[in-house]
Every structure is written in C-alpha cells, then in structure tokens.
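In: Model the following, please.
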Amino acid sequence: MKIACISTSRVPYSTANSIQVMKVCQALAALGHTVCLWVPGDKPADWESLREFYGLKTPFEVRWLPSQAVWRRYDFSLAVVREAKRWGAELIYTWLLPAALMALWFNLPTLLELHDRVTGHLGPQSYRMFCGHKKSKKRLLVITQALKEKLQIQFKTCPKPSEIQIAPNGVDLDAYENLPNAVEARRLLGLPERVTAVYAGHFYAGRGAELLMSLAERLPQVQFLWVGGSEQAVSEWKERLQKAGINNVVLTGFVPNGRLPMYQAAGEFLLMPYEKFISGSSGGNSVEICSPMKMFDYMAAGRVIISSDLPVIHEVLNPQNAVFCPPGDADAWVRTINDLLENPDKWLALSEKTRQDAAQYSWLERERRALDGF
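Out: Okay, here's the model as predicted:
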C-alpha cells in the first residue's frame, strides 16, 4: 500500500514528536508499505543524516514543503494532500487534523493520530466534521485510554467506537537486543564505576529536574546520568550543580536516538520524575493523557523503572514492573532508592518483568494493529 504520512514536526529535530513520527514511518515501511513523509521546511537532509540522527534502519522517502506560519499550516495541509493524491496515495496517515479532514474531502482513506485534546478556534468544528464524514474510511488513533475519555466527554459520541483505537507509543526492540549489563555499559561509555540512576529526556517544565537535583544532593553514593537536553539547558544545569557543590551528576547533552539504549543500559535505575504539570516542546499540560516514549525505551532496557505515580502511567506500568513514588516528594524518592540499594534482590524480578512486558509495545506491532482493516 502507498501510504502518505503528513506531519508538522521539524525534521530533523530532537523533540519527542519528531522522533515519534520517524519511528512510525519506519515501522510502516518495515511492514512492506511504500511510505512517503511530508513535513514543512525547505532544508532537506539526506537519508544517511536522518538514519544516524533517529537511529533508523528501514528507509523511506521524506519530502519538505514550504509553509507560512500565518496560515496556521492550512496552506501546508491543502498542498500536501493534493501532492499525496498525485503521488498515488492509498492511505493518508497524519498527525494533523486539517490534513485529515482535507484528505477525506479528496475521498482518501485516512488515519488520524492524536496525542492531545482538540483545541483552538477551528479545531473542535474540524474534529466534528472529521468524525461525521461517511464517504471515506477513517480511523482515529489516540495514545491513551485517558485521552479517549477526554475526547468522548468533550464531543459525546464522536467518533464511533469502531473508528477509534488506543495506540500507546512504542519502542524499537531491535535496538535493545544484546545490551551489556550496567557495569559493562558504563565501561564502554567511559563512565565512573558506581551504582547509577539514569534520566533520559529534555528539561522542560514538569519533567522533574528540580527533583533530580535534590536526589543527587541527598544520595551522594549514587551517580546520576542525565541524558539529553538542549545545549542551553545543559549549560544552565551544569552551572547550578557546580554552585551547589553537587559532583555526582554527569550531563551528556543531546545523544542521537540510535545511541540512547547504551546510555539507558548504563543505569541500575531509570527515572521518570514527572510532576503534576507536564509541559512539552510546544507547551500545554499533558499530565493526564501522556504516553511517554522514554517509558517504553526504559522497559526494553530491562532496568528498574522508578516513576512518578500518575494515573495515566498505570495504563502501561504496574507494581510488578515498576516502582512508584509521589510526584515531587523528594523524601519518598530518597527512601525508595535507598530501599532498592539495600535490597538488590528486588532488582532482578522488576528488571525481568519490565523487559518481558516491553515485547507488546514494539513500533512494528503498533502500526500493524493501526492498519488492520485498511
């Protein structure tokens, strides 16, 4: 099948939404489909650069189209749907509501993936029109049960139950095969040999950076490895840690996606210290409906996951494959980590279970289910 993917994510870029789009496209291509991704911009990158940046193996085509911000991507949506139809698309797969609606107007089967609630002046009306369209086959993918419920409350019975599917984010399982143990991973990365807790991701508001700093200060026997973050954020945190006299934190800055598994393997503990308000690269608050990609990476890495106890996280994690702490409660996090340090026998059971549970969240199986029936 010829699948035209449409996204407004910058490519290449280090945000989660950009990485997620590229992983989805790769999975579709790996399933044997002919995939072309359209994104805004006028500075295309070659495949080799994209492969290295995103950790890709299966190639697919990427095309860039110009778009003016003043038109709020409506110009891009119309232009790309027209181009996709000329290309011979048999399915439109998009994260962009206007593009999904326009694709249906062009009588193209359409799959719309949503990661957040529908907002804006035209968003709710466009969503109702998408749900009410009857001439072309369509499907809505949502990343959590919580998001599905939010949409159902906002829009009542729209869409029909047969046209909506819950599709949590996923992981490239192949990238996590044959990883070394934590001691060997640290040696390969040139890190000091000591028990290590890893945080991978950006330092946006609500991601728990203040808590991470507090943990490092109160647990000097643990090495903290912070993987990711913008150059400016990393510089600011290095300065803060230095002023506070905290010297058991290693900040790596940006690490290409393909190299992340080794850094995650270098820790005995993998941390998700989310707060009660989680901001993304584009703002907003996703604390009630998020499906963090790092959660699935952590599971595949087969280490002990310590996570903030948020209801939406329990759609995937549970007490058999993770340890939970109250958001922002530094005392509870310190007690939990100390308890694990004193009882290493707990590590094995948790690590084995989380690795087993990761198998059901591969990008390949996610997209296979998403396309079932198309």
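In: Go ahead and measure how far stretch 208-225 is from the middle of the chain.
Out: Going by CA atoms, centre = their mean, to the nearest Å, the spacing between the C-alpha centre of stretch 208-225 and its chain's C-alpha centre is 24 Å.
In: Would you map the strands across the stretch 101-250 of the chain?
Out: For the stretch 101-250 of the chain, applying DSSP state E, counting those that start in this stretch gives strands covering 110-114, 138-142, 164-166, 196-200, 223-227, 249-251.
In: Figure out which of these is closest to residue 276.
Out: Using CB to CB as the measure, strand 196-200 is the one of these that comes nearest residue 276, at 17.9 Å. (Each C-beta comes from the backbone N, C-alpha and C, glycine too.)
In: residues contacting the residue nearest to residue 43 when sequence neighbours are not counted?
Out: The shortest distance from residue 43 to any non-neighbouring residue, by CB to CB, 6 or more residues apart in numbering, is to residue 64 (7.1 Å). Residue 64 makes contact with 11, 38, 39, 40, 41, 42, 43, 44, according to CB atoms under 8 Å, 6 or more residues apart in numbering.
In: what residues are up against residue 181?
Out: Residues residue 265 are the ones in contact with residue 181 under the rule CB under 8 Å, 6+ apart.
In: Look up how far residue 355 lies from it.
Out: In this view, residue 181 and residue 355 are 13 Å apart by CB to CB, to the nearest Å.
In: so what sits against both of these two?
Out: Once CB under 8 Å, 6+ apart is applied, it turns out that residue 181 and residue 355 contact no residue in common.
In: hang on, the earlier thing: how about the strands of the stretch 101-250 of the chain in TSV, adding distance to residue 372?
Out: As requested, the strands of the stretch 101-250 of the chain are exported to TSV (distance: least, CB to CB, whole Å):
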stretch	distance to residue 372
strand 110-114	11
strand 138-142	9
strand 164-166	9
strand 196-200	31
strand 223-227	35
strand 249-251	43
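In: so which of those strands comes closest to residue 98?
Out: Evaluated with CB to CB, these place strand 110-114 nearest to residue 98, the distance being 10.4 Å.
In: and that closest one, what other elements does it pack with?
Out: Contacts defined by 3 or more CB pairs under 8 Å, 6 or more residues apart in numbering; DSSP states H and E place strand 110-114 against strand 91-94, helix 97-105, strand 138-142.
In: Next, the angle from it to helix 97-105.
Out: Between the axes of strand 110-114 and helix 97-105, defined by axes from the mean of the first three to the mean of the last three CA atoms, to 10 degrees, the angle is 160 degrees.
In: which residues touch strand 110-114?
Out: Strand 110-114 is contacted by residues 24, 91-95, 97, 100, 103-104, 130, 136-143, 147, 151, 167, 370-371, 374 when judged by CB under 8 Å, 6+ apart.
In: Okay, helices next: where are they in the stretch 151-300 of the chain?
Out: Secondary structure of the stretch 151-300 of the chain by DSSP state H, counting those that start in this stretch: the helices cover 182-189, 209-218, 231-243, 260-265, 293-301.
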